[in-house]
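I need the structure of the sequence given here:
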Amino acid sequence: MADSQRVAIAWERGVRRPRGYSAALVRRTVAAARVAAGAHAIAGELSVVFVGDARLAQLHADWLDDPTLTDVITFDLRGDGDGPAGELYISVERAHAQAARRGVDPLRELLVYVAHGVLHLSGFDDHDPRERRRMRAAERRVLAALGLAARPRASS
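This next block holds a predicted model:
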């Protein structure tokens, strides 16, 4: 993998990895999301940081002035020097909770969050209904590329 497509992965201490997790699978998810994003795909190194609800809620409050729970927050760092082009912070606790609520595998839910973050960094949005449909379609393409069932995701 070229350095410009490198994916660095970190885990907050005490956060429980879902059964079947592997760094290789996260990297495959990032690559599939870049393909799904097409010409708009973010290039450059990405950092994926898996955290708990408390850490992500704090980031949400600090950077977006919203202290509520969320599943993924992205930071576009292009132009900020020699570091990564972007960072994804993903709540593993949200993935476990939402997976239980939806009746899906927690790992699958976590991978949707990875894809969702990469798509956000690539210019996709989910605030407008039309854009949300476009993002969900791209998420389904990522899951299909990974060989996972393409069960629709509830609105976030």
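
Could you double-check that Ser47 lies in contact with Ala85?
No - contact status for Ser47 versus Ala85: not in contact, 9.1 Å apart, counting by Cβ atoms under 8 Å. Quick note: C-beta positions are derived from backbone N, CA and C, even for glycine.

Go through the strand or helix carrying Trp63 and flag the buried ones.
Applying DSSP states H and E as the criterion places Trp63 in helix 53-64. Neighbour counts over helix 53-64 (16 or more other Cβ atoms under 10 Å) mark 53, 55-57, 59-60 as buried.

and what of stretch 124-131?
Buried residues in stretch 124-131 (16+ other Cβ under 10 Å): 124, 126.

Please apply the same query to stretch 29-45.
In stretch 29-45, counting by 16+ other Cβ under 10 Å, buried: 29-34, 36-37, 41-42, 45.

quick check, nearest of these to Val104?
For these, the residue nearest Val104 by Cβ to Cβ is Thr29; the value is 15.1 Å.

can I assume the closest one sits in a helix?
Yes - counting by DSSP: H, G, I helix; E, B strand; the rest coil, Thr29 is found in a helix.

Cross-check the contact I'm expecting between it and Gly117.
No - using Cβ under 8 Å, Thr29 makes no contact with Gly117, being 9.8 Å away.

low-scoring stretches of this structure, by residue?
The model of the chain has pLDDT under 70 over residues 1-4, 80-81, 149-156.

Let me see the ranges of the helices in it.
23-37, 53-64, 92-102, 106-121, 129-145 (DSSP state H).

What are the contacting residues of the first one?
What that stands for is helix 23-37. For helix 23-37, contacts defined as Cβ atoms under 8 Å, 6 or more residues apart in numbering pick out 1, 5, 7, 9, 41-42, 46, 48, 107, 111, 114-115, 118-119, 122-124, 138-139, 141-142, 145-146.
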